[in-house]
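1. One predicted model, sequence on top.
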Amino acid sequence: MPVITNIEDLRVLAEKRVPRMFYDYADSGSWTEGTYRANEADFQKIKLRQRVAVNMENRSLATQMVGLDVKMPVAIAPVGLTGMQSADGEIKAARAAEKFGIPFILSTMSICSMEDVAAHTTAPFIYQLYMMRDREAMANMIERARKVKCSALVLTLDLQVIGQRHKDLKNGLTAPPSPTIANIINLMTKPRWCLGMA
Ligand SMILES: Cc1cc2nc3c(=O)[nH]c(=O)nc-3n(C[C@H](O)[C@H](O)[C@H](O)COP(=O)(O)O)c2cc1C
């Protein structure tokens with residue numbers, strides 16, 4: 001395993017290992033991608049001010065989020081198709097969140113089912129549900145989330161219009177993905193990913 005010192009190292013590694021269509025899905029936004037770039041740029045503007053000669057004892061970021069004790073007030077946000085970035089991706093992410101002590105939010109668009117994630121974790125996780133016309137399907141998913149003891153529900157309300165994601169259109173990221181020649185050739189350059197999926 002290479003030495004990972006920051007998120008950029010992980011991005012470079014993912015670009016090498018993950019098939020183009022799934023890498024682009026995670027590393028892009030819709031239309032001009034202006035909001036996507038602004039999101040990163042805004043975070044870069046935040047500077048932390050160093051203080052010296054102050055008492056450093058008993059510092060803690062631990063708190064509570066929606067009834068859960070957490071090590072710090074952050075969570076792993078719901079990310080669709082995480083299981084296509086790496087085999088069992090949702091399970092790996094949920095286990096990492098559990099080990100670190102922060103909440104994991106499982107996306108409606110996950111590859112691993114909520115039952116799979118529950119079977120491989122002990123900490124409760126949060127389930128993300130899209131607001132859909134089919135209320136029966138929604139009720140069914142809420143019932144499943146209740147059965148696997150999800151601790152909270154995140155309701156996502158922005159699915160009325162699906163964003164036009166140009167890279168996904170060009171890469172043939174449809175359900176199921178288009179087996180174009182370019183995609184098949186690209187897959188052949190990702191043996192580690194293929195082995196994991198197999
Ligand atoms: C690749 C990708 C997939 C996402 N999939 C979902 C999803 O399935 N459900 C959802 O509610 N939000 C989804 N989101 C939105 C994120 O959960 C999050 O709200 C958003 O990225 C803003 O947080 P950030 O500033 O930490 O990126 C996705 C975001 C990205 C970048």
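-> Sure, I can see it.
2. can we go C-alpha only for contacts and neighbour counts from here?
-> OK.
3. Looks to me like K167 is in a strand.
-> No. Read with DSSP: H, G, I helix; E, B strand; the rest coil, K167 is helix and lies in no strand.
4. Okay, and the closest residue to it other than its chain neighbours sits in which element?
-> Among residues not flanking K167 along the chain, D24 sits closest, at 6.6 Å (CA to CA, 6 or more residues apart in numbering). Using DSSP states H and E, D24 sits in helix 20-26.
5. what about Q164, is that helix, strand or coil?
-> With three-state DSSP as the basis, Q164 sits in coil.
6. OK, contacts around it?
-> Going by CA atoms under 8 Å, 6 or more residues apart in numbering, Q164 touches 30-31.
7. For the ligand, see how far away it is.
-> From Q164 across to the ligand, the span is 14 Å (CA to the nearest ligand atom, to the nearest Å).
8. And that residue, how close does it get to K45?
-> For Q164, the distance to K45 equals 28 Å [CA to CA, to the nearest Å].
9. what number of residues lie near I181?
-> I181 sits with 9 neighbouring residues when counted by other CA atoms under 10 Å.
10. Spell out which residues sit in contact with it, please.
-> I181 makes no contacts at all, as judged by CA under 8 Å, 6+ apart.
11. same deal with F125?
-> Counted by CA under 8 Å, 6+ apart, F125 has contacts 94, 103-106, 118, 149-152.
12. Helix, strand, or coil at the residue in the chain sticking out farthest from the centre?
-> The centre of the chain is farthest from one residue, A53, which by CA atoms, centre = their mean lies 39.1 Å away. A53 carries the three-state label coil when classified by three-state DSSP.
13. Could you report the distance from the residue nearest to the spatial centre of the chain to the ligand?
-> For the chain, the residue nearest the mean C-alpha position is V79 (3.1 Å; CA atoms, centre = their mean). To the ligand, V79 is 3 Å away according to CA to the nearest ligand atom.
14. How about the contacts made by that residue?
-> Applying CA under 8 Å, 6+ apart to V79 gives the contacts 106-107, 109-110.
15. If we use 10 Å, what do you get?
-> Residues in contact with V79 (CA atoms under 10 Å, 6 or more residues apart in numbering) are 26, 90, 105-110, 128.
16. Name the nearest of those relative to A41.
-> Nearest to A41 among the contacts of V79 is A26, at 17.1 Å by CA to CA.
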